[in-house]
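Visitor: everything below, folded, please.
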Amino acid sequence: MRKHLLIAGALLSCAVAHSQSPPAAVGAAADFPAGAQVPGATELAGRLSGHTYVTKLANGVSWRMEFNTSGYAFFNISTGARDSAKWRAEEGRACFEFRGTFPSGCSEFRVLGDGLYLKRASTGEILALEPK
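Guide: Just a heads-up that it's a prediction; the model follows:
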């Protein structure tokens, strides 16, 4: 069973911008996969809540994201950047109120099978997160 979460959007692009890493490589996926659907708020919350994911950007920077059932999320970037946020799921997106370095906002999600997808606002890159 494929267990991937593809994530991108304002939330993640802010983390990369903060880490001063170069933009994603040319040719990175810029569209959601064919057949990906908008998840409802309940489905998205169930896929995130209580789970931890890791991913690597096209530029080599890696992220760890932990979504607690308490409504808080913790983000650790391989460059040393980190932050926590209060999070909530809405139809087709997750919204984050960061407490420190990253700007708050919402990120657009899509689902396909066991995978979740989110487009980075800054580059259009689609990221794959794997359950940890």
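Visitor: enumerate the positions of stretch 94-107 that are buried.
Guide: Neighbour counts over stretch 94-107 (16 or more other C-beta atoms under 10 Å) mark Ala94, Cys95, Phe96, Phe98, Phe102, Gly105, Cys106, Ser107 as buried. For every residue, glycine as well, the C-beta is placed using N, CA and C.
Visitor: cool, and stretch 51-69?
Guide: So stretch 51-69, judged by 16+ other C-beta under 10 Å, has buried residues His51, Tyr53, Val54, Thr55, Leu57, Ala58, Val61, Trp63, Arg64, Met65, Glu66, Phe67.
Visitor: which among the buried residues of stretch 94-107 gets closest to Pro131?
Guide: Nearest to Pro131 among the buried residues of stretch 94-107, counting by C-beta to C-beta, is Ala94 at 16.3 Å.
Visitor: please report phi then psi for the closest one.
Guide: Backbone torsions for Ala94, taken as degrees, to the nearest 10, come to phi -120, psi 140.
Visitor: give the contact list for it.
Guide: Residues near Ala94 by C-beta atoms under 8 Å, 6 or more residues apart in numbering: Leu11, Leu44, Leu48, Trp87, Arg88, Cys106, Ser107, Phe109.
Visitor: switch those residues over to TSV; also include pLDDT and distance to Pro33.
Guide: Below are those laid out as TSV (pLDDT from 0 to 100; distance: C-beta to C-beta, whole Å):
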residue	pLDDT	distance to Pro33
Leu11	42	20
Leu44	93	17
Leu48	94	19
Trp87	96	24
Arg88	95	25
Cys106	85	21
Ser107	84	17
Phe109	85	12
